[in-house]
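[1] Curious how this folds, go ahead:
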Amino acid sequence: MDLKFNKNEDHNKLLLSELKRKLAKTMLGGGKYRIEKQHEKGKMTARERIDFLLDNDSKSIEIGAFAGENMYEEHGGCPSGGVVIKIGYVSGKQCIVVANDATVKAGAWFPITGKKNLRAQEIAIENRLPIIYLVDSAGVYLPLQDEIFPDKEHFGRIFRNNAVMSSMGITQIAAVMGSCVAGGAYLPIMSDEALIVDKTGSIFLAGSYLVKAAIGESIDNETLGGATTHCEISGVTDYKAKDDAEALNTIKNIIDKIGDFDKAGFNRKDSKKPKENPDDIYGILPSSRTDQYDMLEIIKRLVDNSEFEEYKEGYGKTILTGYARIDGWAVGIVANQRKVVKTQKGEMQFGGVIYSDSADKATRFIANCNQKKIPLVFLQDVTGFMVGSKSEHGGIIKDGAKMVNAVSNSVVPKFTIILGNSYGAGNYAMCGKAYDPRLIAAWPSAELAVMSGNSAAKVLLQIEKASLKKKGETITEKKEAELFNKIKDRYDNQVSAYYAAARLWTDAVIDPLDTRKWISMGIEAADHSPITKDFNMGVIQV
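    Numbers count the residues shown, from 1 in each chain. Below is the predicted model:
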């Protein structure tokens, strides 16, 4: 291995160590003290409940682990958005599990909590996956109620989705394992089946204090809305469990009886490991986001047997397109080539930039995958579309629009992995979050923004200098450098993979070696949902 490979490897493994450190902190939720308080009440934590529910030694992936990171510091923080979401296997069936984390503000709903819950339901709806809710929540976080209560993407949308999923025949099971109050009480009861844990679970539209204030009735919470009340008097819940473990075992038994599902029919053969060592990814991926590298070498370490059937190899070389298998599943890969390439005419093209010919190639390939019913995988390391008079005169906007159109109207499931840069319209054309990938994950090396921190800082500095000049002020070289660094530092923080993950612009920040698992489990989930629409790009200039 050469020196550059070793430097890259050291850099990327440091990023991986940071990822593991952040995940370890996130998994503590509200902290060790609050975890102990849960245990004192005879309750498992959200993560313990999910681990108990999922099959032993089975694969799982977590959605939105970094949701809310550094977003609500003035309110004491909201680790993981106060809710844990995993896709895994219950009684051998793939499901999505949503568990309120009562160690974080008693499981109260922050704005990001609502967004994260809606993301879980979106995944369930798109893939027709059974969804299990483990409810333990104090309801809306009142200091931020105006940001979570009334809008289309807010709290109430959860219950609307409950109703929609029920009409679609998507199984929903809810276990009330703690508080379930006010509007939140509708979630478990709008599910197909509801369980409640004796003495620790409770459901009511208004608690005892509010009942006393509203109508003058004196009653304790257990009598008002405990397990005995709802299983024997109101009939609101279907099963009564003595503790968390019994409730979770009951869910396992219910899921075990679910019949088979109609399949989309995506092609799968026996899985084969890559021939090339996946660990090499850490040394291939450069430490500097401006350095060049061969994306084909990354692909060889992600796909079965390291086999990649390249489509239009000699044309549009700044995007790689081709067929492969990942964990046995047939996939079509669209990837940004990050090395400088030479065209047939002898012209040089920058790596990571989308040119007219590469956009045209990608559009054609996406259409082919839709015709053949092959899921698409996008590997993003893109700085944007090529600019300048030559590109404009050559119709780059039209060719870029065709690619965006193909991505938008694709009917096969799409999966996006952001390896490095994800800038500007390149994010859109390469299936960023706005283009409905079934799953979207970032490596620790990823950056998402309109442009790089360095470029943005230069632009913003020019604007600041012009503003000062209008006021008759001058700026020294030292002051200019200080201002540049201040702008760049602020912008660099906003382009990090964790900033994006905190806002659910991506579903996760992952170890590159987990990429195969994410794509494989994603396609398995998508196979629950047969394709019912034809691929049609509509009216587009050709």
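[2] Can you report how many residues neighbour the residue nearest to Val104 when sequence neighbours are not counted?
    Counting by Cβ to Cβ, 6 or more residues apart in numbering, Gly82 is the residue found nearest to Val104 once chain neighbours are left out, at 4.1 Å. Placement of C-beta: from N, CA and C, glycine included. Neighbour count for Gly82, taken as other Cβ atoms under 10 Å: 31.
[3] where does Gly82 sit relative to Glu73, distance-wise?
    As defined by Cβ to Cβ, to the nearest Å, Gly82 lies at a distance of 15 Å from Glu73.
[4] on that earlier part again, make sure the residue nearest to Val104 is actually in contact with Ala108.
    Yes: using Cβ atoms under 8 Å, Gly82 is in contact with Ala108, at 6.6 Å.
[5] Leaving aside the residues adjacent along the chain, what's closest to Lys402?
    Thr363 (4.7 Å).
[6] And Gln344, how close does it get to Tyr315?
    Counting by Cβ to Cβ, the gap from Gln344 to Tyr315 is 8 Å.
[7] More neighbours: which of the two?
    Tyr315 (15 against 9).
[8] circling back to that earlier point, is the residue nearest to Lys402 in a helix, a strand, or coil?
    Following DSSP: H, G, I helix; E, B strand; the rest coil, Thr363 is assigned to helix.
[9] what about Gln380, is that helix, strand or coil?
    Gln380 is classified as strand under three-state DSSP.
[10] burial of it, as a residue count?
    Neighbours of Gln380 (other Cβ under 10 Å): 27.
[11] which residues does it bridge with?
    Ile418 (DSSP bridges).
[12] correct me, but it touches Gly426?
    Yes: using Cβ under 8 Å, Gln380 is in contact with Gly426, at 7.5 Å.
[13] Mind listing the shared neighbours of the two?
    Residues touching both Gln380 and Gly426 (Cβ atoms under 8 Å, 6 or more residues apart in numbering) are Asn336.
[14] what ranges do the helices span in the stretch 101-250 of the chain?
    111-127, 156-168, 186-189, 208-215, 221-225, 227-228, 244-256 (DSSP state H, counting those that start in this stretch).
[15] Could you dump those helices into TSV with distance to Cys78 and mean pLDDT added?
    Below are the helices of the stretch 101-250 of the chain laid out as TSV (distance: least, Cβ to Cβ, whole Å; pLDDT from 0 to 100):
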stretch	distance to Cys78	mean pLDDT
helix 111-127	6	97
helix 156-168	17	94
helix 186-189	19	84
helix 208-215	25	84
helix 221-225	25	86
helix 227-228	29	90
helix 244-256	23	98
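[16] closest to Ile418 out of these?
    Evaluated over the helices of the stretch 101-250 of the chain, closeness to Ile418 peaks at helix 111-127, with 16.9 Å, by Cβ to Cβ.
[17] And that closest one, what's buried?
    111-121, 123-127 (16 or more other Cβ atoms under 10 Å).
[18] Give the residue spans of the stretch 1-150 of the chain that score low on pLDDT.
    Within the stretch 1-150 of the chain, the segments meeting pLDDT under 70 span 1.
[19] Count residues in the vicinity of Asp260, would you?
    Asp260: 6 neighbours (other Cβ under 10 Å).
[20] Return the backbone torsion pair for it.
    phi -70, psi 170 (degrees, to the nearest 10).
[21] again with Gly420
    Torsion angles, degrees, to the nearest 10, at Gly420: phi -140, psi -110.
[22] Burial check on the spatially closest residue to it that is not a sequence neighbour, number of neighbours?
    In space, and not counting its chain neighbours, Gly420 is closest to Asp381: 3.8 Å by Cβ to Cβ, 6+ apart. For Asp381, the count of nearby residues is 29 (other Cβ under 10 Å).
[23] can you check Ile374 too?
    18.
[24] Give the helix, strand or coil label for it.
    Applying three-state DSSP: Ile374 is coil.
[25] Just the element for the nearest residue to it once chain neighbours are set aside, please.
    In space, and not counting its chain neighbours, Ile374 is closest to Gly332: 4.8 Å by Cβ to Cβ, 6+ apart. Using DSSP states H and E, the element containing Gly332 is strand 329-336.
[26] Now that strand: buried residues?
    Residues Trp329, Ala330, Val331, Gly332, Ile333, Val334, Ala335, Asn336 are the ones in strand 329-336 that count as buried (16+ other Cβ under 10 Å).
[27] Could I get the average pLDDT for that strand?
    Over the span of strand 329-336, the pLDDT mean works out to 98.
[28] partners of the helix or strand just after it in the sheet?
    Past strand 329-336, further along toward the C-terminus, the next helix or strand under DSSP H and E is strand 341-342. Sheet pairing of strand 341-342 (DSSP bridges) gives strand 348-349 (antiparallel).
[29] which other residues reach the strand it pairs with?
    With Cβ under 8 Å, 6+ apart as the criterion, strand 348-349 contacts Lys317, Thr318, Val340, Val341, Lys342, Thr343, Tyr355, Met386.
[30] moving C-terminal of that strand, what's the next helix or strand?
    strand 353-354.
[31] Which residues does that following strand contact?
    Residues contacting strand 353-354 (Cβ under 8 Å, 6+ apart): 318-319, 336, 362, 382-386, 400, 403, 426, 429.
[32] could you redo the last one with a cut-off of 6 Å?
    Under the criterion Cβ atoms under 6 Å, 6 or more residues apart in numbering, residues Thr318, Thr383, Phe385, Met386 lie in contact with strand 353-354.
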